[in-house]
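Participant: quick one: sequence and predicted model below, then my questions.
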Amino acid sequence: MKDITIPGGKNAEKARKLMRVFSPLTGAELEGEYPVTRLEEVQYAVEQATAAFPVFSTKSGQERAAFLTAIGEEIMALGDDLIQRAMMETGLPEPRLNGERARTIGQLNLFANHLREGSWVDAILDPADPDRKPFPKPDLRQMLQPLGPVAIFGAGNFPLAFSTAGGDTASALAAGCPVVLKAHEGHLGTNALVSRAIRLAAERTGMPDHVFQYVVGDGYITGLELVRHPGIKAAGFTGSFSGGKALLQATHQREDPIPFFAEMGSTNPIVVLPEAMCLRGDVIGQQLVWSFTLNAGQFCTNPGLILVREGDGLDTLIDAMHEAVLTRQSELMYGNGIRTNYDLRSRELLQLKGVTLIGKGADGGPLDGQATLAKVNAVDFLIQPELQHEVFGPFSLIVVCPDDHSLLHVLRSLGGQLTATLMAEESELHGREDLMAELIHRCGRLVWNGVPTGVEVSPAMHHGGPWPASSDARFTSVGTQAIRRWVRPVCYQNIPEIFLPLALQSNNPLHIWRRIGAEWTKEGSGMRDQG
């Protein structure tokens, strides 16, 4: 939790590399210098997290819940200093950051309530049968247990909700796993403030030292060293495909490969069917432009592909989108690198065969993202795979499909997605069951007549998808199910009752839902006390 410095370390006398944060608001570096964490300090941090694990993992659900709640209280106690620093570091407006702070605290409280209720451990009790022939059946009991120290990578586009105390950190701490965070270099000051809040919350609630620490790195080197350390037992990442893939490879090349949960971007296709387009093409067009230009398109659920089944309302839809794009004001992007990459990628796509520009929004300052809408036909899209790649920013491409066959062909060419959206009348789906099946096959969340931007923090939310949207489509990074990334099942066979975890003891002292045989119940098991 404290600054990661080894007293008397062998390189203590050497000059330390310092990082500063660039502000997209002022176009200059902000006050504050942040020392880059040395290799031996990364190792030391993981060793300290490893030492904290046996203590932290045995804290009760009630104790860990109190810790998470206290983190939220300490974040709120930072007041306007936190919001102002985050504004300077990201260029995000104050209302957006106030909302993100509320979301951060909300998901901490959601996990706290999840722990207090307690059934998330998935306790299963399978009674013994000593009279079974030809061999007696043993007493078997299973529940989820934490993996160990976890490495988390702060996200650039959410300085609060997906960063220091964001969903990955909250879910790992809820599971009983100490966290070593790789702070995002774009908002190191925000990270320092939130890290202090976590430290104070840990002290208030009696958590072990070093239950949370962070490291500061320049590029991927620090992150690679972190995930390669044998003490790290799992890692979570939100960021680019190239960064996520490099870290994924590093985790697989370890002597003991570990789970790596990466969210790496998505084009989030939206399918628009003819009847809906004919009835409300103007409304749909305005919705789509609002969604792909929101916050300069810097959302992982930004709809970068709009697949339109040609019909009578096509001109209405495109005209509405064209008009809406022209009136969109440019917005600040997170930094010069993000803006430069956006300009480069959007220019490259506009130069490809068959791609025509529909319109651009108002241009702005040097770091502003200019809304851009383009169009291509299905054939040209299919022969140019680079058109499928995400453009991180306020860019969207309409793919015009003349018939259902070409629409399905385009869908089948796409990789995995975080989301897919269907703009359609209910009557249009009869006879198009294969279309729904293709969308479900490719996404983690299917949206009906809405937009994918905006991810509800909910027990039912799934924020993940097939490769390359995420590294493991079975898990989510949002909602209470995110805790499952940091645990593993453990089976106890014929263990005396007194040595069993409370969740598995026969009389159910925690009063949680458990499965006994084939039934879910909160009652005691009536199983034989073997103590």
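Facilitator: Sure, I can see it. It should be emphasised that the depicted structure is a prediction, and the values quoted were computed from it without experimental measurement. Residues are numbered from 1 along each chain as shown.

Participant: low-scoring stretches of this structure, by residue?
Facilitator: Counting by pLDDT under 70, the chain contains low-confidence residues at 1-15, 526-531.

Participant: in it, which spans are helices?
Facilitator: Per DSSP state H, the chain carries helices over the ranges 39-56, 61-77, 80-90, 94-117, 167-175, 188-204, 221-228, 241-252, 274-293, 314-326, 336-350, 378-382, 404-413, 433-442.

Participant: report the buried residues of the longest one.
Facilitator: Burial within helix 94-117, assessed by neighbour count using 16 or more other Cβ atoms under 10 Å, is assigned to 96-97, 100-101, 103-105, 107-112, 114-115. Just so you know, the C-beta spots here come from the backbone N, C-alpha and C atoms, and that holds for glycine as well.

Participant: which strands or helices does it pack on?
Facilitator: helix 61-77, helix 80-90, helix 167-175 (3 or more Cβ pairs under 8 Å, 6 or more residues apart in numbering; DSSP states H and E).

Participant: among those helices, which comes closest to residue 370?
Facilitator: helix 80-90 (18.8 Å; Cβ to Cβ).

Participant: next one: the closest one to chain centre, how far?
Facilitator: 22 Å (Cα atoms, centre = their mean, to the nearest Å).

Participant: got a list of contacts for that helix?
Facilitator: Here helix 80-90 makes contact (Cβ atoms under 8 Å, 6 or more residues apart in numbering) with 21, 23-26, 30, 75, 92-94, 97-98, 101, 159-160, 186-190, 193-194, 334.

Participant: most tightly packed of the helices of the chain?
Facilitator: Mean neighbour count (mean count of other Cβ atoms under 10 Å) peaks for helix 167-175 among those, with a mean of 29.

Participant: how about residues contacting it?
Facilitator: Against helix 167-175 from outside (Cβ under 8 Å, 6+ apart): 64, 67-68, 71, 107-108, 111-112, 114-115, 146-147, 150, 152-153, 161-162, 179, 181, 198, 211-212, 234, 236, 238, 457, 477-478, 480, 482-483, 485-487.

Participant: chain center to stretch 367-380: distance?
Facilitator: Worked out by Cα atoms, centre = their mean, stretch 367-380 lies 26 Å from the chain centre.

Participant: could I get the buried residue list for it?
Facilitator: Neighbour count says stretch 367-380 has 367-379 buried, by 16+ other Cβ under 10 Å.

Participant: start to end distance for that stretch?
Facilitator: In stretch 367-380, first residue to last residue: 32 Å (Cα to Cα, to the nearest Å).

Participant: what do you get for stretch 136-145?
Facilitator: End-to-end for stretch 136-145, by Cα to Cα: 28 Å.

Participant: so how far is that stretch from its chain's centroid?
Facilitator: 33 Å.

Participant: next, the buried residues of that stretch.
Facilitator: 139, 141, 142, 143, 144, 145.

Participant: of those residues, closest to residue 299?
Facilitator: residue 144 (31.3 Å).

Participant: for the closest one, give me its contacts.
Facilitator: 120, 121, 122, 484, 487, 488, 489, 490.

Participant: make it 7 Å
Facilitator: Residue 144 makes contact with 121, 122, 487, 488, 489 under the criterion Cβ atoms under 7 Å, 6 or more residues apart in numbering.

Participant: among these, who's most crowded?
Facilitator: Among the contacts of residue 144, residue 121 has the most neighbours (other Cβ atoms under 10 Å), with 24 neighbours.

Participant: so it versus residue 133, what's the distance?
Facilitator: Applying Cβ to Cβ, to the nearest Å, the value for residue 121 to residue 133 is 33 Å.

Participant: ok, residue 510 next?
Facilitator: Taking Cβ to Cβ, one finds residue 510 at 35 Å from residue 133.

Participant: what about those two, which has more around it?
Facilitator: It is residue 510, of residue 510 and residue 133, that has more neighbours when counted by other Cβ under 10 Å, with 21 against 6.

Participant: residues contacting the residue nearest the centre of the chain?
Facilitator: Taking Cα atoms, centre = their mean, the centroid of the chain lies closest to residue 477, which sits 4.1 Å from it. By Cβ under 7 Å, 6+ apart, the contact list for residue 477 reads 167, 168, 236, 238, 261, 263, 463, 464.

Participant: one more time with 6 Å
Facilitator: Residues near residue 477 by Cβ atoms under 6 Å, 6 or more residues apart in numbering: 167, 263, 463.

Participant: which strand residues bridge the second one?
Facilitator: For residue 263, the residues forming beta bridges with it (DSSP bridges) are residue 238, residue 470.

Participant: and it, how many neighbours?
Facilitator: By the measure other Cβ under 10 Å, the count of residues near residue 263 is 25.

Participant: I'd say it and residue 238 touch.
Facilitator: Yes - applying Cβ atoms under 6 Å as the test, residue 263 and residue 238 come out as touching, 4.7 Å apart.

Participant: list the contacts of stretch 200-210.
Facilitator: Residues contacting stretch 200-210 (Cβ under 6 Å, 6+ apart): 1, 48, 49, 52, 55, 56, 66, 67, 70, 71, 74, 211.

Participant: how much space between the last one and residue 54?
Facilitator: Summarising the geometry, the distance separating residue 211 from residue 54, computed by Cβ to Cβ, is 12 Å.

Participant: return the distance of the nearest residue in space to residue 371 that is not next to it in sequence relative to residue 329.
Facilitator: The spatially closest residue to residue 371, leaving aside those adjacent along the chain, is residue 361, at 3.3 Å (Cβ to Cβ, 6 or more residues apart in numbering). Residue 361 sits 7 Å away from residue 329 when distances are taken as Cβ to Cβ.

Participant: contact partners for residue 296?
Facilitator: Residue 296 touches 331, 333, 369, 394, counting by Cβ under 6 Å, 6+ apart.

Participant: so what's residue 492 bridging to?
Facilitator: Here residue 492, judged by DSSP bridges, has bridge partners residue 141.

Participant: can I assume it is in contact with residue 141?
Facilitator: Yes - with contact defined as Cβ under 6 Å, residue 492 counts as touching residue 141 (4.7 Å).

Participant: closest to residue 424 out of the helices of the chain?
Facilitator: helix 274-293 (4.9 Å).

Participant: remind me what the closest one packs against, helices and strands.
Facilitator: Under the contact criterion of 3 or more Cβ pairs under 6 Å, 6 or more residues apart in numbering; DSSP states H and E, helix 274-293 touches helix 314-326.

Participant: which residues sit against the helix it packs on?
Facilitator: By Cβ under 6 Å, 6+ apart, helix 314-326 touches 277, 281, 282, 285, 286, 289, 358, 359, 361, 371, 373.

Participant: what's the spacing between the nearest residue to residue 185 once chain neighbours are set aside and residue 217?
Facilitator: Closest residue to residue 185 apart from its sequence neighbours, by Cβ to Cβ, 6+ apart: residue 19 at 6.2 Å. To residue 217, residue 19 is 9 Å away according to Cβ to Cβ.

Participant: the more surrounded of those two?
Facilitator: residue 217 (20 against 16).

Participant: from residue 39, how far off is the more buried one?
Facilitator: 10 Å.

Participant: likewise residue 239?
Facilitator: 22 Å.

Participant: tell me the contacts of residue 494?
Facilitator: 138, 139.

Participant: next up, phi/psi of it, please.
Facilitator: Backbone geometry at residue 494, expressed as degrees, to the nearest 10, gives phi 60, psi 30.

Participant: so how far is residue 127 from it?
Facilitator: The separation that residue 494 has from residue 127, given Cβ to Cβ, amounts to 12 Å.
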